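Q: Mind folding the following:
(one chain, ligands or ions: 1)
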Amino acid sequence: MRNKPLFSSITGKVIMAVSGAGFVLFLLFHGAMNFISIFSADAYNAICDFLGANWYAVIGTIGLAALMGIHILCGILLSIENLRARGTVRYRTKERPKGVEWSSQNMLVLGLFILLGLALHLCQFWYKMQFAELMGREPVNGMEQIRYIFSNNLYSILYLIWFAVIWLHLSHGLWSMFQSMGWNNDQWKRRGQIIAYIVATIIILLFVSVVVYYWLIYPHL
Ligand code: HEM
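A: The predicted structure is shown next:
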């Protein structure tokens, strides 16, 4: 007998799409903000000061954390629901149905890797900047912290691997989001996939260029 669903998968997909869209906007802003550091250290430090421990930035951080909690919880519930619906029938990992991307079957695992990278990233930046300021300590300088972290080979490589994982999660997530919005006829399915690849690639290139610049180019200038 089919188990009763934990929650409607339509509701779940809409929640994933809306929270995912919030992250895409955040990543676009965050990527563009970091990219500015390549052209002007002063402008970058001014943006970091503006974001610091000001009330609007703290509200933004709390909103982002709530969005992340909802996205993760819903992702886990949807994955459990998919496993329950499939019952004893499991995909054999090597026999992926034609047209199904590897990332689409591994969104939960990719998401967990992203979370691990995020933990390292927040310890290296947010904890020493906004959190330090909130705790009444002197925050580190954003520009100096970027130069310091990406002068380290290991951190730079770990960040680039992290970005590759984010690209996989993002490109599939965006495509799913378009499908949840109704772009699921043959023509728009393909177009949606191409748009998802383009948007995910632009976002990730903003981040990659910052790491590559401070790791390989800046030390030789
Ligand atoms: C080159 C890559 C990156 C650099 C240089 C960078 C830099 C920073 C800096 C300086 C902060 C602290 C801002 C402040 O507290 O004033 C920060 C916070 C943060 N970063 Fe990044 N970041 C990078 C990539 C990413 C990526 C890929 C993600 C997401 C997957 C991410 C997610 C976050 C989050 C969630 C925060 C906390 C934001 C908040 O306080 O509201 N970052 N990052």
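Q: alpha carbons only for contacts and neighbour counts from here, please
A: Will do.
Q: and the residue of the chain found nearest the ligand, which of the three is it?
A: As assessed by Cα to the nearest ligand atom, the ligand sits closest to residue 61 within the chain, at 3.5 Å. At residue 61 the chain is in helix, as set by DSSP: H, G, I helix; E, B strand; the rest coil.
Q: can you start the count at 516 instead of 1 from here on
A: Sure, I'll start numbering at 516, so the last one becomes residue 576.
Q: Could you give the number of residues near it?
A: A count of nearby residues for residue 576, using other Cα atoms under 10 Å, gives 16.
Q: Also residue 568?
A: Neighbours around residue 568, by other Cα under 10 Å: 21.
Q: Give me the pLDDT value at it.
A: For residue 568, the pLDDT comes out at 88.
Q: from memory it sits against residue 648, does it?
A: Yes - with contact defined as Cα atoms under 8 Å, residue 568 reaches residue 648; the gap is 6.0 Å.
Q: Quick check: phi and psi on residue 643?
A: Main-chain torsions, residue 643, degrees, to the nearest 10: phi -90, psi -10.
Q: how close does it get to residue 711?
A: Per Cα to Cα, to the nearest Å, residue 643 is found 34 Å from residue 711.
Q: just residue 545 next, same as before
A: For residue 545, the distance to residue 711 (Cα to Cα) stands at 18 Å.
Q: who has more neighbours, those two?
A: Neighbour count, other Cα under 10 Å: between residue 545 and residue 711, residue 711 has more, with 20 against 14.
Q: The more buried one: which element?
A: Residue 711 is part of helix 701-727 when elements are defined by DSSP states H and E.
Q: CA atoms of stretch 626-640 as CSV?
A: The C-alpha trace of stretch 626-640 is given here as CSV (Å, rounded to 0.1, in the frame of the first residue of the first chain):
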residue,chain,number,x,y,z
GLY,A,626,23.5,20.6,-1.1
LEU,A,627,25.2,19.0,1.9
PHE,A,628,28.7,19.6,0.3
ILE,A,629,27.7,23.2,-0.3
LEU,A,630,26.8,23.5,3.4
LEU,A,631,30.2,22.1,4.5
GLY,A,632,31.9,24.7,2.3
LEU,A,633,29.6,27.4,3.6
ALA,A,634,30.6,26.5,7.2
LEU,A,635,34.3,27.1,6.3
HIS,A,636,33.5,30.3,4.4
LEU,A,637,31.4,31.8,7.3
CYS,A,638,34.2,31.0,9.8
GLN,A,639,36.7,32.7,7.6
PHE,A,640,34.7,35.8,6.7
